[in-house]
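A.B. asks: the sequence isn't on hand, but the structure is:
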Ligand code: NAD
């Protein structure tokens, strides 16, 4: 593992443009479960509540579950060390772009600026009738469904539901940065959700070296991953941080002159 970590760090240091591609796994250690797998959200809830057609016909039923998962629960989560190391990499010029499938806003809260929200963001709530966008904190979820103060239309979280298209802007941006990347860092995704799962394939096709962090092999591991760093996002990112940003010599108080 040490060798692979060192190799990954060298690739990240040398790369002239690096993209991070993240999924639900990066936020698991912030206390937000993933959708799939053991303890995943779909063990407890029915995914139909995030189906667009179901939501349009049953907004109250959908909103009850959405409120519990995305506002009571995700609302209280904080960025973890994996998000923070990505932010440090961006600040130090080692990370050009982050594409996230997550809707929890934790990358942005960690300080990342160049984030492409492939599936939207739960902090925004949009009116289905007049398109007005509210910050989630400005909307009371006591009476469901919440409605627009301007036109009375039903409000919907501004993230992508099943059966909804990916907005053009993040889609185009993801293709663009994937094709530019020399290194491509995948963190915590199964690679099952279409069309997001195609983005790493584009990076690979255009010649990026694929580094992947996940406690379990994913759909990518056997097929396109060059360096698989098996483990939890916070643990691996903390190890990478030490290699990417070693303490300066004069920081070592115990060192001999
Ligand atoms: P997924 O639920 O399909 O898979 C999660 C992946 O994370 C798995 O491969 C798992 O092995 C890995 N994982 C688990 N613990 C980890 C850890 N500590 N460190 C690193 N990896 C870990 O997630 P997905 O592929 O991202 O797709 C699900 C869809 O649902 C995406 O669109 C995602 O945005 C959305 N989602 C978002 C959130 C969120 O915003 N936090 C939460 C759940 C689902």
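C.D. replies: All right, it came through fine. This structure is a prediction, so every number in the text was calculated from the model and none was measured.
A.B. asks: check which helix or strand residue 13 maps to.
C.D. replies: helix 2-14 (DSSP states H and E).
A.B. asks: any idea which helix or strand comes after that helix?
C.D. replies: On the C-terminal side of helix 2-14, the closest following helix or strand by DSSP H and E is strand 18-22.
A.B. asks: what's the next secondary structure element after that following strand?
C.D. replies: Remark: after strand 18-22, the chain's next helix or strand is helix 52-57, criterion DSSP H and E.
A.B. asks: ranges for the strands of this structure?
C.D. replies: Counting by DSSP state E, residue ranges of the strands within the chain are 18-22, 97-100, 115-117, 120-127, 133-135, 155-159, 183-187, 209-214, 227-230.
A.B. asks: list the buried residues of the last one.
C.D. replies: What that stands for is strand 227-230. Of the residues in strand 227-230, those with enough neighbours to count as buried (16 or more other CB atoms under 10 Å) are 227, 228, 229. (Glycine included, C-beta is placed from N, CA and C.)
A.B. asks: close to the ligand: what parts of this structure are there?
C.D. replies: The interface of the chain toward the ligand, taken as CB under 6 Å from any ligand atom, is made up of 23-29, 32, 34-37, 40-41, 101-104, 119, 188-190, 192-193, 213-216, 218, 232-233.
A.B. asks: for residue 84, which non-adjacent residue is spatially closest?
C.D. replies: The shortest distance from residue 84 to any residue that is not its chain neighbour, by CB to CB, 6 or more residues apart in numbering, is 5.1 Å, and that residue is residue 110.
A.B. asks: touching, that neighbour and residue 83? I think so.
C.D. replies: Yes: in this structure, residue 110 sits in contact with residue 83. The criterion is CB atoms under 8 Å, and the distance is 3.7 Å.
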